[in-house]
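> here is my input; please provide its structure:
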Amino acid sequence: MTKAQFYIEGMTCSACSSGIERSLGRKAYVKEVGVDLLSKKAFVVYDESQASLEDIFKQIGKLGYTAQKKPLKDLLEPSFLTPNLKLLFTLLCTLGVLCLSMFAPLLPLPTLLKNPFNNGLTQLILTLIAMHMGRNFYIHGFKALWARQPNMDSLIALGTGAAFVYSLVLLFRAHSHTSIEGYYFESVCVILLFVMGGKRVEQSSKDKALQAMQDLMQEHNTRALKVENGQDREVAIESLQKGDILRVLPGAYVPVDGVLIEGASEIDESMLSGESVPVLKKEGSQVFAGTLNTNTPFLMQATHNKAQSMLAQILDLIAKAQGSKAPIARLADKVAGVFVPIVIAIASLAFIVWVFKGGFKEALEVFIAVLVISCPCALGLATPMALLVAQKEAGLLGLFFKDAKSLERAKDISHVLLDKTGTITLGKPVVKEVRTAQGVEVLELLSLCASLEAQSEHVIAKGIVAYAKAQGVHLLEARGIKATPGLGLSGEIAGQEYLAGSLDFFNAPNDLGEFEGIGVFFGTPAKILGLVVLEDRLKEGAKEAIEGMHACGLKTLLLSGDRKASVAKMAHALNLDYKAEAKPADKLATLEDLQKSGAVVMMVGDGLNDAPALAKSDVGLVMGLGSGASLEVADVLSLHNHPSAALHAIKLSQYTIRNIKQNLFWAFCYNALAIPLACGVAAPFMLNPMLASLAMSLSSLSVVFNAQRLRGTHKKIKG
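Numbers count the residues shown, from 1 in each chain. Predicted coordinates for the structure are as follows:
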């Protein structure tokens, strides 16, 4: 199977995107397909032995849309007929037609134009210009109708097309000197004007929301200063590799992820974490691509290339999230998919009824009004617009949801399970005590233990290695290193196998006594040679974050692989229930037991031992500097590395889904009220087709503007 990503132009409502998904989904060679209405992005997983991407593009073309590998803006030169100019020409033509029809009795028209045929012929010319400005409605609408996937364009095309054809018939009658009451050209023009105007405002709002999301994650550098032989040389960021030494000047953006090796400066990390206050970075501090150096030059060593940077991972998450759909959005898509055919049927039935009840003229007006006012745009925009704004607000909170499903699911969380080290603590344990078995020297133990731990990226291992180096010990060569999640490391030093980890890793008793803190035992499989005791400190604000969860009615549980005494002390300080000495399987079992009891569980962690629970949880939240496995399986990434991220994610989900439900409620209510009115159930009050088009545009705009109310949500959440 092959996965391809591309762009689709010409979509105007969710009936368009869902129609494309249904059409492609029926093909035997397509395994999976997703289309995002707002960003115009699409992906398809298909069997390349049965079809090519060009075949898929042709199928999309048959539906009335254009598929291409790049966005339209990257493929075309600027056109003279911009959307704004098209709208202006439509406005001028509409005013001309109105002056010749509805306002004619009030204006001193030339004698030539008072003739019904000449008047109608002039209206026809102006109407054809307006229809040319809105020709995409007809091109896409009739193609979609022919492919049996009708959409909003189909409704507009049918409604205005019917009015136009009937006006042509009246024009021929006028040419034959048959008396006529008037034309419907003004209905065609006004409907096009209102729909195009509404779409223009709607598109502008969508563009601004998309641009805001892109600006939030924009990487501004294309070049970097690489230090070679003591000289600075400007190179392309794409050429940088791990180990390169780089100079970052004030006002420049960090080109790739790395470690600061000389100097100190304050770094603006707002594009990652959402925090506007710069962070002081000193020698040994990690710096990330896309963050801004605010005041002092420094040297850094690259730890990743551009493609492997945290920024690249986040951009990839955003791209995937934009292509995903929340379950609530898929429901709206399904409704929109059957809504348009039903509306066409209702309009046709109403037309037949009114032909007998009031005559052809009234029946035509009812037919057009029903088609125009029933556009499913508001329904289709209800979810994606809110999700788009919410994604931007999430970025300002330092949160990145991998898909829309997790953003929706987070609102239902009832239990939050928290890892300890690196999640509610700083994750940088420091050695406070070293104990040795009889006959073993402290420095000898440190040399052996640190030599083994130097092969690990775990924060506890780094704490031991840092302490050993500070004591001046010499590290030895270790081979055959093997990590056992939840237990520790094993390897050979000078031909002897050694273990470093928890007591359960050894087939030997603990003769070194009780201790408080994080204990790393070291020895051979059959004998413990020593114990290194480390301690970790709570993150600032961790207690307040836990209290905030409790205030919102969330149940919390501290899960840690550390010893009971150490975990109990911290849990008591935070007023948390806890489970100590929990291996990965224990964390997973605890989570599954809660889910079986009906709980909706969020797992918050950062280490390899959290990966199974993160993958199984209803929503998994991983700290941004967590292990690769944790980053891969989690649903939400937090760059704040703080337990408050859990509450922030849950609150953002609640705000977002509430906004979506408001949008859907008004969209459904609008159609539930508007369609009967357009059908004439409140006669003699009748909805004029022109008023129907205005109401339709306003309904879509109301949804767009309501979604904008989510802007600033990050400030409410932070309090």
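> all contacts plus neighbour counts: C-alpha atoms, from now on.
Will do.
> okay, now the domains of this protein?
Using automatic domain parsing, the domain ranges for the chain come out as 2-75, 223-308, 396-425+538-649, 430-535.
> and among these, the most buried is which?
Of all the domains of the chain, domain 396-425+538-649 carries the top mean neighbour count, a mean of 21, counting by mean count of other CA atoms under 10 Å.
> count of neighbours near residue 717?
15 (other CA atoms under 10 Å).
> for this structure, what helix or strand is lowest in average pLDDT?
helix 72-75 (a mean of 51; mean pLDDT, DSSP states H and E).
> list the contacts of residue 144.
When contacts are counted by CA atoms under 8 Å, 6 or more residues apart in numbering, residue 144 touches 62-64, 150-151, 154.
> ok, now with 6 Å
63-64, 150 (CA atoms under 6 Å, 6 or more residues apart in numbering).
> and it, what's its pLDDT?
Per-residue pLDDT puts residue 144 at 80.
> phi first, then psi, for it.
phi -60, psi -40 (degrees, to the nearest 10).
> give me the neighbour count for residue 166.
By other CA under 10 Å, neighbour count at residue 166 equals 16.
> what helix or strand is it located in?
In the assignment (DSSP states H and E), residue 166 maps to helix 152-175.
> just give me how far that helix sits from the chain centre.
42 Å (CA atoms, centre = their mean, to the nearest Å).
> go on, stretch 297-312?
Taking the mean of its C-alpha atoms, stretch 297-312 sits 24 Å from the chain's own mean (CA atoms, centre = their mean).
> output that stretch as CSV, restricted to C-alpha atoms.
Provided in CSV are the C-alpha atoms of stretch 297-312 (Å, rounded to 0.1, in the frame of the first residue of the first chain):
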residue,chain,number,x,y,z
PRO,A,297,25.5,35.4,20.8
PHE,A,298,26.3,31.9,21.8
LEU,A,299,27.8,28.7,20.4
MET,A,300,25.8,25.5,20.2
GLN,A,301,26.4,21.9,19.0
ALA,A,302,23.7,20.3,16.8
THR,A,303,22.2,17.2,18.3
HIS,A,304,19.8,16.6,15.4
ASN,A,305,19.5,17.7,11.7
LYS,A,306,16.6,19.7,10.5
ALA,A,307,14.4,16.8,9.6
GLN,A,308,14.8,15.2,13.1
SER,A,309,14.3,18.5,15.1
MET,A,310,11.4,18.9,17.6
LEU,A,311,10.0,21.6,15.3
ALA,A,312,9.9,19.2,12.4
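> mind listing what's buried along the helix holding residue 166?
152-164, 166-168, 170-171, 174 (16 or more other CA atoms under 10 Å).
> packing partners for it?
helix 135-146, helix 360-373 (3 or more CA pairs under 6 Å, 6 or more residues apart in numbering; DSSP states H and E).
> after the last one, which helix or strand is next? Please name it.
Toward the C-terminal end, the helix or strand that comes next after helix 360-373 (DSSP H and E) is helix 377-396.
> any idea of the angle that next one forms with helix 152-175?
Put simply, helix 377-396 runs at 140 degrees to helix 152-175, going by axes from the mean of the first three to the mean of the last three CA atoms, to 10 degrees.
> tell me the mean pLDDT over helix 377-396?
pLDDT averaged over helix 377-396 gives 77.
> stretch 24-41 too?
83.
> so which residues make contact with it?
By CA under 6 Å, 6+ apart, stretch 24-41 touches 6-8, 17, 42-47, 323.
> the nearest residue to residue 386 once chain neighbours are set aside: how many residues sit nearby?
What sits nearest to residue 386 in space, not counting adjacent residues and going by CA to CA, 6 or more residues apart in numbering, is residue 707, at 4.8 Å. Applying other CA under 10 Å, we find 26 residues neighbouring residue 707.
> where does residue 707 land on pLDDT?
Residue 707 is given a pLDDT of 84.
> against residue 412, how distant is it?
Relative to residue 412, residue 707 is positioned 21 Å away (criterion: CA to CA, to the nearest Å).
> swap in residue 151?
Shown here: residue 151 relative to residue 412, a distance of 34 Å by CA to CA.
> quick one: the residue nearest to residue 386 is in a helix?
Yes: Residue 707: assigned to a helix according to DSSP: H, G, I helix; E, B strand; the rest coil.
> quick check: it touching residue 384?
No: look at residue 707 against residue 384 with CA atoms under 6 Å: they stay out of range, at 9.2 Å.
> okay, how far is it across stretch 595-610, tip to tip?
End-to-end for stretch 595-610, by CA to CA: 17 Å.
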